[in-house]
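**Student:** structure of the sequence below:
(2 chains)
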Amino acid sequence: MPLLIVKFEGSVLKKVRTNGGSITIGRLPDNAIAIDNLAVSNRHAQITSEQGHLVIKDLDSLNGTFVNNQRVKQTSLKDGDVVMVGKHSIYVETTDRGEVPISDAKQPAANAKQAPSVDETLVLDTETRRRMMQQIAATGERSQIAPSRLRVATLVRIKGPIEEAEYPLTGKLTVIGKSEMATVRISGWFKPKVAAQISRRDDGYYLGRGDKVPKVNGNPIWAPVLLADGDVIDVCGVQLKFTIKE
Amino acid sequence: MHWDVAACTDKGLVRPINEDSYRISPEENLFVLSDGLGGAAKGEVASAIAVEAVTASLRGNGSTGKPGRSAARAEVSDDTNSLVHAIELANRKIHEEAMRDPACRGMGATIVAMRICGRRLGLAHVGDSRAYLLRADALEQLTSDHSLVAEQVRHGLMTHQQAATSELQSVLTRALGMEETVEIDAAEIELFPGDSLLLCSDGLTRMVPEPEIEGILAQASDARMAAERLVHRANERGGHDNVTVIVIRGNERSGGWFAKLFPWGRSNLI
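**Tutor:** This next block holds a predicted model:
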C-alpha cells in the first residue's frame, strides 16, 4: 500500500497510507493531510489512487503544488517523488519498505543526520528562524499585538469613581478593582478588590471576570473575551472604552 | 503571604527517561523548571545544568557587574533582572558543555523561572515551558511560548485553539544552549491574596486542555494534591512526554471573615 510521509524541516509529522480513494491536502483540519500553515490553501491538492498508481492534482491552490521542484497541475506520482506544499514536503513510497527508516536521499547532506520524529522538539536555527519570522510578519498584520506594529491599547474612562482619564495597557495583566495594587483603582464602599482583569495574550487583549461579572457592550462576560477597538466595558459602576491606537 | 508549594514529575508513558528538571528554593522564593531537548543528545544534562545554574546564580547573589551581562531592563525590577542574568549564565553553560562534550552536541533546554518578592512576581522564560496564574478560579497563561505556532498566533495567522492542536507545536523558535546568547522574556505582575501559580513542561499542556488544568487547580485542597492530579491526568491522557509541574498556592484562597475585614492583616507578614 502506498505510503505518504509528511515532513517539515526534516521532521516527520505524519505518515498516511493510501487505501485507494482520495486524500486531500490543505489547511482546513478536515483534510486527510491537514497542514496549518498560511502558505497552504484550505483545499490545496488531492492525491487519488487510480488503477494502482497515484495521481496528484492541484486544487487551484494559491502557492501551487510542486513535484520534485516542478510546479504541477496534475501528474502521476512514483516511488521516491517528493511533493512540496508550502514548506512541507510529502515523500511518496509506493513499494513497501517495511520498517526501514525513511530514505533521506533527496535531502541535502546537512540534513542527512537522523530525522527526529514529530514528538521530538525541534529548535530552529537562527537563519531558519529569521526567515520564518519574516514570512510570518509579512503575512500577519491582523493581530492587535502583532510585534511588527506599534499599537497601544488604552482604557478610556467614560464614567465611574476612578482616578485617571486614560489607562494605557502596558503590562501582561491589568486589574480593575478596589485593591491598592489595581491598575484601574475603583473607589467607594463595597467594591471588590479585583472586579475584573484584562490580560494581554498572544492574539490580543482579553477581558475576564474577577469577583464581579463585567459586561462588554451590555453583555455579561462569564468566560474571557477578546476585546475589540471601541468595546465598552461595564463593571462596578465604572464604564470604560477599550481603544487601540496605532 | 505564605505559600503552599508542591512539585511533581514523571517520565510519562512513552519516553524512556525523564529529561525535565526542577528546583525549588524556599529561602529565595525561587522556582525553576526546565525541559531538556535533544532526544539522543543529552536533554537531561541540559535541563539539569539549567536549573542548577539559575539557582546557584541567584543564591550566590553576586549577580551584579559580571562580564558578559546584558544591559539591565528598565521595565522590570533588579530582582527580575537578576533572574534574566541567571538564565543568560545557564544558556552559556549549556552551550559550552555541548561544545566540549561530543555526546552532548545539540543538547538544549527550555526554562521558566519565577521569583516572588513580596507582592511582586518576577518571571523569565525561554521556550515552551509555561507559567500560569489562577486568579478568581480563572486560568491565565503568563508566558508566551517561543514556538512557531505561538508566533503565528501573535501575528493573527492562527487561533489559540488551532495552535493547541497543531502538529508543529514542537517547533521552537528559542531554547537554551543552542547558541552563545539567547533572547529571554521577562515580566512582572502584582500578586493578590488567593492567587495560585503553576509552572509546567509541555508534557502537561500538550496532554491536558487548559479548562481541565483550571478545574484541577481550582478544586484541589492543597498544592500537593493539585500537582499530583495534574501529572496523573497527563498520563491518563496518554503521557506522551515527560511531565513536570510546580504548584504554588497563596494561603488565603477562601479567606474567612478575618481576611475580609483585614485583607492585608496576614499578607503583610511576607
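**Student:** give me the neighbour count for residue B:5.
**Tutor:** 18 (other CB atoms under 10 Å in any protein chain shown). C-betas here are computed from N, CA, C, even on glycine.
**Student:** wait, is it part of a strand?
**Tutor:** Yes. Assigned with DSSP: H, G, I helix; E, B strand; the rest coil, residue B:5 falls within a strand.
**Student:** and the gap between it and residue A:158?
**Tutor:** Using CB to CB, to the nearest Å, one gets 42 Å for the distance from residue B:5 to residue A:158.
**Student:** adjacent strands (with direction) for the helix or strand that contains residue A:240?
**Tutor:** Element membership for residue A:240 (DSSP states H and E) is strand A:238-245. Strand A:238-245 has the following sheet partners, assigned by DSSP bridges: strand A:152-159 (antiparallel), strand A:232-235 (antiparallel).
**Student:** can I get those in CSV with mean pLDDT and mean neighbour count?
**Tutor:** Shown next, in CSV, are the strands paired with strand A:238-245 (pLDDT from 0 to 100; neighbours: other CB atoms under 10 Å in any protein chain shown):
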stretch, mean pLDDT, mean neighbour count
strand A:152-159, 92, 16
strand A:232-235, 96, 20
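**Student:** pLDDT-wise, which helix or strand of chain B ranks last?
**Tutor:** Using mean pLDDT, DSSP states H and E, the weakest-scoring helix or strand in chain B turns out to be helix B:257-261, at a mean of 47.
**Student:** neighbours around residue A:223, how many?
**Tutor:** 9.
**Student:** what values do phi and psi take at it?
**Tutor:** phi -120, psi 150 (degrees, to the nearest 10).
**Student:** just the pLDDT at it, thanks.
**Tutor:** For residue A:223, the pLDDT comes out at 87.
**Student:** excluding sequence neighbours, find me the nearest residue to it.
**Tutor:** Of all residues not flanking residue A:223 in the chain, residue A:208 sits nearest, at 7.6 Å (CB to CB, 6 or more residues apart in numbering or on different chains).
**Student:** same check on residue A:15?
**Tutor:** Per CB to CB, 6+ apart, closest to residue A:15 is residue A:5, 5.2 Å.
**Student:** shaky segments in the chain?
**Tutor:** Because you didn't say which chain, this covers chain A. Of all residues in chain A, those with pLDDT under 70 make up the ranges A:50-52, A:96-120, A:140-150, A:246.
**Student:** chain B was what I was after
**Tutor:** Across chain B (using pLDDT under 70), the flagged ranges come out as B:1, B:38-40, B:61-69, B:252-270.
**Student:** got the residue ranges for the strands in it?
**Tutor:** Counting by DSSP state E, the segments of chain B that form strands are B:3-10, B:20-25, B:30-37, B:108-109, B:111-117, B:120-126, B:130-135, B:138-141, B:171-172, B:185-190, B:196-200, B:243-250.
**Student:** now the ones you listed as JSON lines including distance to chain A?
**Tutor:** Formatted as JSON lines, the strands of chain B follow (distance: least, CB to the nearest CB, whole Å):
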{"stretch": "strand B:3-10", "distance to chain A": "16"}
{"stretch": "strand B:20-25", "distance to chain A": "12"}
{"stretch": "strand B:30-37", "distance to chain A": "5"}
{"stretch": "strand B:108-109", "distance to chain A": "6"}
{"stretch": "strand B:111-117", "distance to chain A": "13"}
{"stretch": "strand B:120-126", "distance to chain A": "9"}
{"stretch": "strand B:130-135", "distance to chain A": "7"}
{"stretch": "strand B:138-141", "distance to chain A": "5"}
{"stretch": "strand B:171-172", "distance to chain A": "5"}
{"stretch": "strand B:185-190", "distance to chain A": "4"}
{"stretch": "strand B:196-200", "distance to chain A": "13"}
{"stretch": "strand B:243-250", "distance to chain A": "13"}
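**Student:** of those strands, which stretch is the most buried?
**Tutor:** Among these, ranked by average contacts under mean count of other CB atoms under 10 Å in any protein chain shown, first place goes to strand B:108-109 (a mean of 32).
**Student:** show me the contacts for residue A:63.
**Tutor:** Residue A:63 sits next to A:39-41, A:86 when contact means CB atoms under 8 Å, 6 or more residues apart in numbering or on different chains.
**Student:** equivalent analysis for residue A:20, please.
**Tutor:** Residue A:20 neighbours (CB under 8 Å, 6+ apart): residue A:49.
**Student:** report the beta-bridge partners for the residue sitting nearest the centre point of chain B.
**Tutor:** When CA atoms, centre = their mean is applied to chain B, the residue found nearest the centroid is residue B:112 (3.2 Å). Counting by DSSP bridges, residue B:112 forms beta bridges with residue B:33, residue B:125.
**Student:** same check on the one 4 residues further on?
**Tutor:** When bridges are assigned using DSSP bridges, the partners listed for residue B:116 are residue B:121.
**Student:** so it touches residue B:3, yeah?
**Tutor:** Yes. In this structure, residue B:116 is within contact of residue B:3 by CB atoms under 8 Å, at 7.0 Å.
**Student:** shared neighbours of those two, which are they?
**Tutor:** Here residue B:116 and residue B:3 have B:29, B:248 as joint contacts, going by CB under 8 Å, 6+ apart.
**Student:** that older thread, so is the residue nearest to residue A:15 in a helix, a strand, or just coil?
**Tutor:** Three-state call for residue A:5 (three-state DSSP): strand.
**Student:** in this structure it contacts residue A:88, no?
**Tutor:** No. Using CB under 8 Å, residue A:5 is not in contact with residue A:88, being 10.7 Å away.
**Student:** those two: who's more crowded?
**Tutor:** More neighbours surround residue A:88 than the other of residue A:5 and residue A:88, with 22 against 18 (other CB under 10 Å).
**Student:** which ones are touching that one?
**Tutor:** Residues near residue A:88 by CB under 8 Å, 6+ apart: A:6-8, A:13, A:35, A:37, A:40.
**Student:** can you pull the contacts of residue B:176?
**Tutor:** Shown in contact with residue B:176 (CB under 8 Å, 6+ apart): B:34, B:46, B:50, B:87, B:90-91, B:94-95, B:108-111, B:126-127, B:182.
**Student:** can we see that at 10 Å?
**Tutor:** A:123, B:34, B:36-37, B:46-47, B:49-50, B:53-54, B:87-88, B:90-95, B:107-111, B:126-127, B:182, B:184 (CB atoms under 10 Å, 6 or more residues apart in numbering or on different chains).
**Student:** need the overlap of contacts for residue A:5 and residue A:88.
**Tutor:** Residues touching both residue A:5 and residue A:88 by CB under 10 Å, 6+ apart: A:13-14.
**Student:** dig out what the residue lying closest to residue B:20 once chain neighbours are set aside forms beta bridges with.
**Tutor:** The shortest distance from residue B:20 to any non-neighbouring residue, by CB to CB, 6+ apart, is to residue B:244 (4.0 Å). Per DSSP bridges, the residues bridged to residue B:244 are residue B:9.
**Student:** any idea how far residue B:244 is from residue B:145?
**Tutor:** From residue B:244 to residue B:145 the distance is 16 Å (CB to CB).
**Student:** would you confirm that residue B:45 contacts residue B:94?
**Tutor:** Yes. With contact defined as CB atoms under 10 Å, residue B:45 reaches residue B:94; the gap is 8.2 Å.
**Student:** overlap in contacts, these two.
**Tutor:** B:36, B:104, B:107, B:109, B:177.
**Student:** on that earlier part again, okay, buried residues for the strand holding residue A:240 please.
**Tutor:** A:238, A:240, A:242-244 (16 or more other CB atoms under 10 Å in any protein chain shown).
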